[in-house]
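*Asks:* What shape does this take:
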Amino acid sequence: MEKQSDSGQINEIYKILFEKSNDSITLCKLDDKNEMLNFIYTNPATAKWTGFTKEEILSSSPMNIIAPHWLEDAQKYIESIIKDGFLTYELEIMLKNGKLLPVEFSSSLVKIGEENFILTSGREIAERIEARKEKEERMKEKTLLLDILTHDLRNYLSILWGCISQTLDEEEVTIEEIKGSVLRAKASLAKTDALLDDISVLMKKDIEFTYELRPVNILNNVHKCQSNLEDMYPLKKIQINTNKVDPKQNVLADMLFEQLIFNILSNSVKNTPSQAVRIDVATEEKQDGRVIISISDFGTGITQDKRRKIFERYGEFRKKGSGSGLGLFIIQTLIERYKGQVWIENTIKGDYTKGTTFKIELRKTETEMFEFA
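*Replies:* As a prediction, the model looks like this:
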């Protein structure tokens, strides 16, 4: 009598474990050909997950709940369970509302008397799947970063190699020709430096920033960028007008603020086909304590369709094969860091072909400017 009592208590414990489990637990019968018949048991968690009632689940087969595009895989899983006795696998099930839910299942072959059953516990893994996709996407992006870095560096090194070879291989080289080669080599080095900066910023995007934003001066950073642009584009005559920039105006940013301004200015130079490049920089202080920085060029302009994708990583400009295509995404990355906004307007209202104006809205600060080393 005590043994029967103990057995009944154990059965009651198992029943409680199944009924109270947050995981889905089901038992499905197999026919003589080891094909799945209807469920003969389901716990409350299964109904809660799927939206089906217990009665609806017990009157159906697992094949009716599995997402159609997973049915072929599901059949293979069943064969493995029957062969090996156990399997852990992932697939998607159809909920009552028609949505798909990714689930990890652990199934075991169970023999009761002369009949075979499959006992399955399932756990919803939507967050895990999303995290896995994000990880895969990051790996793809880092691989692409490496591809861009090696591709563009080879291009710049080819320019350097050509400049050196031209100077050394020719028997008679004039001072002017040497100067021209040195200028081209210097421009290639400047582009290499800018590319490495771009790659560095994107890699840092995945690292938590631990330092505080500090005041940076708008005009000082524009002047630094102009010097770099002249090195990068020695054949261009670059004029940057800053008479509408308050020399004492500071915004909350960090040491990467110069990179943000440089990428916008560089984009303006690249999209101005003539040798003479004019860029107007202006600032406007708003009543809410924010500053709008306007950077206007008079180049080829950007269509409305391209503006919607312009800040995506490796976007439309990358497809044309010019440059690394990272600069515009850098802008968006840093604006998010500074809790600001960025948008694009026509330089000449109503005509995008007459140039592009980048508008950057950042938080103003009255504190003393911080000079980065």
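
*Asks:* Let me know the next secondary structure element after the helix or strand of the chain with the lowest mean pLDDT.
*Replies:* Within the chain, judged by mean pLDDT, DSSP states H and E, the helix or strand with the poorest mean is helix 316-319; its value is a mean of 45. Remark: after helix 316-319, the chain's next helix or strand is helix 327-337, criterion DSSP states H and E.

*Asks:* Can you show me the CA trace of that next one as PDB?
*Replies:* Extracted C-alpha coordinates of helix 327-337, given in PDB (Å, rounded to 0.1, in the frame of the first residue of the first chain):
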ATOM      1  CA  GLY A 327      31.500  59.300 -44.800                       C
ATOM      2  CA  LEU A 328      27.700  59.900 -44.900                       C
ATOM      3  CA  PHE A 329      27.100  57.100 -42.500                       C
ATOM      4  CA  ILE A 330      29.800  58.500 -40.200                       C
ATOM      5  CA  ILE A 331      27.700  61.700 -40.100                       C
ATOM      6  CA  GLN A 332      24.600  59.800 -38.900                       C
ATOM      7  CA  THR A 333      26.600  57.800 -36.400                       C
ATOM      8  CA  LEU A 334      28.100  60.900 -34.700                       C
ATOM      9  CA  ILE A 335      24.900  62.900 -34.800                       C
ATOM     10  CA  GLU A 336      23.300  60.100 -32.800                       C
ATOM     11  CA  ARG A 337      26.200  60.200 -30.300                       C
END
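
*Asks:* Mind giving me the packing neighbours of that helix?
*Replies:* Secondary-structure packing of helix 327-337 (3 or more CB pairs under 8 Å, 6 or more residues apart in numbering; DSSP states H and E): helix 175-204, helix 257-270, strand 341-348, strand 351-365. (Each C-beta comes from the backbone N, C-alpha and C, glycine too.)

*Asks:* If we use 7 Å, what do you get?
*Replies:* helix 175-204, helix 257-270, strand 341-348 (3 or more CB pairs under 7 Å, 6 or more residues apart in numbering; DSSP states H and E).

*Asks:* for N34, what are its contacts?
*Replies:* 82, 116 (CB atoms under 7 Å, 6 or more residues apart in numbering).

*Asks:* Surely it forms part of a strand?
*Replies:* No. Residue state for N34 (DSSP: H, G, I helix; E, B strand; the rest coil) corresponds to coil; a strand is not indicated.

*Asks:* Can you tell me how far it is from E177?
*Replies:* 83 Å (CB to CB, to the nearest Å).

*Asks:* Would you mind listing where the stretch 1-150 of the chain has pLDDT under the threshold?
*Replies:* Along the stretch 1-150 of the chain, the parts satisfying pLDDT under 70 run over 1-8, 10-11, 14, 141, 143-145, 147-149.

*Asks:* got the contact list for V110?
*Replies:* Going by CB under 7 Å, 6+ apart, V110 touches 117, 119.

*Asks:* in which helix or strand would I find it?
*Replies:* Per DSSP H and E: strand 100-112 holds V110.

*Asks:* tell me the angle the helix or strand following that strand makes with strand 100-112.
*Replies:* The helix or strand immediately downstream of strand 100-112 is strand 115-124, counting by DSSP H and E. Put simply, strand 115-124 runs at 150 degrees to strand 100-112, going by axes from the mean of the first three to the mean of the last three CA atoms, to 10 degrees.

*Asks:* just checking, what packs against strand 115-124?
*Replies:* Using 3+ CB pairs under 7 Å, 6+ apart: strand 115-124 touches strand 24-30, strand 100-112.

*Asks:* at 10 Å instead, please
*Replies:* strand 24-30, strand 36-42, helix 44-50, helix 71-84, strand 86-94, strand 100-112 (3 or more CB pairs under 10 Å, 6 or more residues apart in numbering; DSSP states H and E).

*Asks:* can you state the direction angle for it and helix 71-84?
*Replies:* Put simply, strand 115-124 runs at 120 degrees to helix 71-84, going by the same axes, to 10 degrees.

*Asks:* okay, now the domains of the protein?
*Replies:* 2-124, 130-207, 210-373 (automatic domain parsing).

*Asks:* Pick the most deeply packed of those domains.
*Replies:* With neighbours defined as mean count of other CB atoms under 10 Å, the domains of the chain peak in mean count at domain 210-373, which reaches a mean of 17.

*Asks:* what's near enough to touch I331?
*Replies:* Residues near I331 by CB atoms under 10 Å, 6 or more residues apart in numbering: 259-264, 267, 310-311, 342, 358, 360.

*Asks:* could you list every residue that touches L146?
*Replies:* L146 makes contacts with I199, as judged by CB under 10 Å, 6+ apart.

*Asks:* Can you tell me the element it falls in?
*Replies:* If you go by DSSP H and E, L146 is part of helix 126-169.

*Asks:* Now find how far off-centre that helix is within its chain.
*Replies:* Distance of helix 126-169 from its chain centroid, counting by CA atoms, centre = their mean, to the nearest Å, is 16 Å.

*Asks:* Next, the angle from it to strand 100-112.
*Replies:* If you take the same axes, to 10 degrees, helix 126-169 sits at 120 degrees to strand 100-112.

*Asks:* Just want the angle from helix 126-169 to helix 175-204.
*Replies:* Going by the same axes, to 10 degrees, helix 126-169 makes 170 degrees with helix 175-204.

*Asks:* hang on, the earlier thing: so which of the contacts of I331 is the closest to T300?
*Replies:* T300 lies nearest to N267 out of the contacts of I331, by CB to CB, at 11.2 Å.
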